[in-house]
Structures are given as C-alpha cells and as structure tokens.
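Enquirer: I'll drop the sequence and a predicted model, then ask my questions.
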There are 4 protein chains.
Amino acid sequence: MPIPQERKDDINKRLNYIQGQINGIRKMVDDERACVEILTQISSTYEAMRKISQTMMRNYMENCVTNSLRSDDQEEVNRMYDEVMKVVAKYSK
Amino acid sequence: MPIPQERKDDINKRLNYIQGQINGIRKMVDDERACVEILTQISSTYEAMRKISQTMMRNYMENCVTNSLRSDDQEEVNRMYDEVMKVVAKYSK
Amino acid sequence: MPIPQERKDDINKRLNYIQGQINGIRKMVDDERACVEILTQISSTYEAMRKISQTMMRNYMENCVTNSLRSDDQEEVNRMYDEVMKVVAKYSK
Amino acid sequence: MPIPQERKDDINKRLNYIQGQINGIRKMVDDERACVEILTQISSTYEAMRKISQTMMRNYMENCVTNSLRSDDQEEVNRMYDEVMKVVAKYSK
C-alpha cells in the first residue's frame, strides 16, 4: 500500500523521537526520578504515537478506504465499512 | 523516588518490547505494508505503554501521594490533590 | 442525511437509557453515595454514549463519506478527508 | 460520603446541561440532521461528562482516598491502592 516518501520521512522522524523518549524513560526509571516526571514523559510518548497514527489513518483513508468505497462490488464496500469501524474502535476513547 | 527492583525489571521488559515494536513499525512503513497492519501495530504499542503507565501510577500512589496525604501540612496535601488531578487528566479519556 | 429507522430506534433506546443514568447520578450525588459508585455510574454513561457514537459513525461512513469519496470532484474528496480526520481526532484516545 | 453543596450545585448544573444535550441529539436524529453535527454534539456530551467525573474524582480523593491512606491498617491502605487503580483504569485512554 503506497505511502508517499514525504509521509515516510515524517513518520520516521517521529519514530526516532519516540525511540529517544523510550530511552529517556529507561534512564529515568533506573535513576528513580520523580514519578510525576516519568508519568509526564510517558504521556508525551503517547502524544507522539498519536501523531503517527493520524498520518497513517490519513494514508489509509486516501488509499485503501477510497479504493474500496469506489468499488462496484457491494461486498467489498461492506467489508471496508466493517474494517474501518474496527480500526476506529481500536483508537477511540 | 524509590521504585522496587521488581517494578524496574517489569518496566524495562516492557520498554524493550516497545522498542521492538517501534522498529517493526519503521520496517512496515518502509516496506509499505497494508495500512491496517501498521495501524494495528501502533495500537499495540499504545497498549504496552498503558501497562507501563499503570505500574508507574501505582508506584506514584504508594510513595509520593501517600507521603503527602499523610502530612500535617494542609498546603502540601492540597498541592498533592492538584498534582494528582493533573496527572489523571493527562491520562483520561 | 438518511438514518434507517432501525438505527434511529437503537439510538433512541440508548438515549433513554442514558437519560435514566443521568437521573441516577443526580440522585446518587444528592444522597451523597460513595464516590466510587458515582464514578462507576459516570463511566457506564460514557460506554453508552460510545455505542451511540459508533452507530452514528457507521451511518456517516455509509452515507456522507461514501458519497463524497465517489465524487469526480477531487476538491470534494479532499474536503471529506479533512472532515473525517477531524471527526476521528475528536473521538481518539 | 460527603459532597460539599458547592460541588453538588456544580454537578447538577452540568447534569441539566447534559440532559439538554441528550434531548438535542434525540431531535437531531429524528430530523436526520447531518451526521457530523450529531457526532459533534455527542462529543460535546463526553466533554460535559468528563468535567463531572473530574469533580467527583477530586471529591473521592479528598475524602475516601485521604482517609484510607492515613489509616494505620496497612490492609485498608492496600485496598485503597487497588480501588484507585481500578477507578483510574476505567477512565484511562
């Protein structure tokens, strides 16, 4: 499934950032830093992951979802509805 | 702020797991794997992070929160109330 | 925007249920019931609202989203991408 | 469990507001209004519920949690840790 190079670069940049945050958490835990600081760092990592999931969701919509919803095959359309609902449920509050 | 070795080990194990997932996402993006697979992998990483935040929250509660709420200094108690509300808000739906 | 009668009935049933829960919370607060019980009731209300939002999201996808993504007008398609991303962001963790 | 009158009033005001929003959703569904409008209204209702849960969490912390964590009975303290973790998990992303 195609992902524009621009998006790949954006995602990779964020993944590297998250990698750094993970290493940061590891060190903070080892140094027994204040819990609030560690909890704040973990929540920043969530935020960074959220940005990546938004980029992937857009890609998903622009490619897979659009292609299926344009199909003449109603079964393919319905399968895509089910798939999208599952994905959205995974990410919902 | 003290963190029992058992908890540090648990957290480190999970951090290593997440590190692996991050690398997995990087490869999947590079290989242009199906968006749904990438989105599923990202959401697994959220879950893993959630487990870590739960362990840290428990530690926070057993140490910092308990100590402050037992204080005779009402200002310290109130500050802890404010701090806990901020932390919980960061993690709430 | 069309909503099948079956879905309207489902949503109305859930809205009535939520109305009952809201009244329940009101009474529990007035009676100064245990905070955990009230917090549990509130979180059940979230769950009920979630079910409604899932039904509406499906309807949205089957009608508005599908129609726009099938359009020959690329601007309309792009507007729908932007709109869907906004909706999903509102509901995301 | 005591709830200051000021908090009861605040919660009741918000509950009335949510009641109005629920009625609004009912009407919008009946009138088959645009799905995005209905989804936006549902998400506003979440926000209103969130405010109520924050007020109740604070009350919970200032009363139940504080009392238990100040106990000399370590079992009561541990039970409160378990209870708080359950509550926080219910409300977590």
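Expert: Yep, that arrived.

Enquirer: what residues does chain A have near chain B?
Expert: A:1-3, A:8, A:11-12, A:15, A:18-19, A:22, A:25-26, A:29-30, A:32-36, A:38-40, A:42-43, A:45-46, A:49, A:52-53, A:56-57, A:59-60, A:63-64, A:83, A:87, A:90-91, A:93 (C-beta under 8 Å from any C-beta of the partner chain). In short, each C-beta sits where N, CA and C put it, glycine included.

Enquirer: same list, the residues you listed, but only the ones touching chain D.
Expert: Restricting the residues of chain A next to chain B to those near chain D by C-beta under 8 Å from any C-beta leaves A:Tyr46, A:Lys93.

Enquirer: now the residues of chain A next to chain B: which count as buried?
Expert: A:3, A:8, A:11, A:15, A:18, A:22, A:25-26, A:29, A:33, A:35-36, A:38-39, A:42-43, A:45-46, A:49, A:52-53, A:56-57, A:59-60, A:63-64, A:87, A:90-91, A:93 (16 or more other C-beta atoms under 10 Å in any protein chain shown).

Enquirer: contact partners for the residue of chain A found nearest chain D?
Expert: With C-beta to the nearest C-beta, the shortest gap between chain A and chain D falls at A:Lys93, namely 6.5 Å. Contacts for A:Lys93 (C-beta atoms under 8 Å, 6 or more residues apart in numbering or on different chains) come out as B:Lys93, C:Tyr46, C:Arg50, C:Tyr91, C:Ser92, C:Lys93, D:Tyr46, D:Lys93.

Enquirer: switch the cut-off to 7 Å
Expert: Neighbouring residues of A:Lys93 by C-beta atoms under 7 Å, 6 or more residues apart in numbering or on different chains: B:Lys93, C:Tyr91, C:Ser92, C:Lys93, D:Lys93.

Enquirer: can I get the residues you listed in CSV with secondary structure and pLDDT?
Expert: As requested, the contacts of A:Lys93 are exported to CSV (DSSP: H, G, I helix; E, B strand; the rest coil; pLDDT from 0 to 100):
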residue, secondary structure, pLDDT
B:Lys93, coil, 78
C:Tyr91, helix, 91
C:Ser92, strand, 88
C:Lys93, coil, 77
D:Lys93, coil, 78
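
Enquirer: could I get the residues you listed as a markdown table with distance to D:Asn78?
Expert: Shown next, in a markdown table, are the contacts of A:Lys93 (distance: C-beta to C-beta, whole Å):
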| residue | distance to D:Asn78 |
| --- | --- |
| B:Lys93 | 27 |
| C:Tyr91 | 36 |
| C:Ser92 | 35 |
| C:Lys93 | 29 |
| D:Lys93 | 26 |
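
Enquirer: between the residues you listed, which sits nearest chain A?
Expert: The closest of those, once distances to chain A are taken by C-beta to the nearest C-beta, is B:Lys93, at 3.9 Å.

Enquirer: OK, contacts around A:Ser68?
Expert: A:Glu76, A:Val77, A:Met80.

Enquirer: can you point out the buried residues in the helix or strand containing it?
Expert: Applying DSSP states H and E as the criterion places A:Ser68 in helix A:66-69. Residues of helix A:66-69 classed as buried by neighbour count (16+ other C-beta under 10 Å): A:Thr66, A:Ser68, A:Leu69.

Enquirer: pretty sure A:Pro2 sits against A:Glu62.
Expert: No. Contact between A:Pro2 and A:Glu62 fails when scored by C-beta atoms under 7 Å: they sit 9.2 Å apart.
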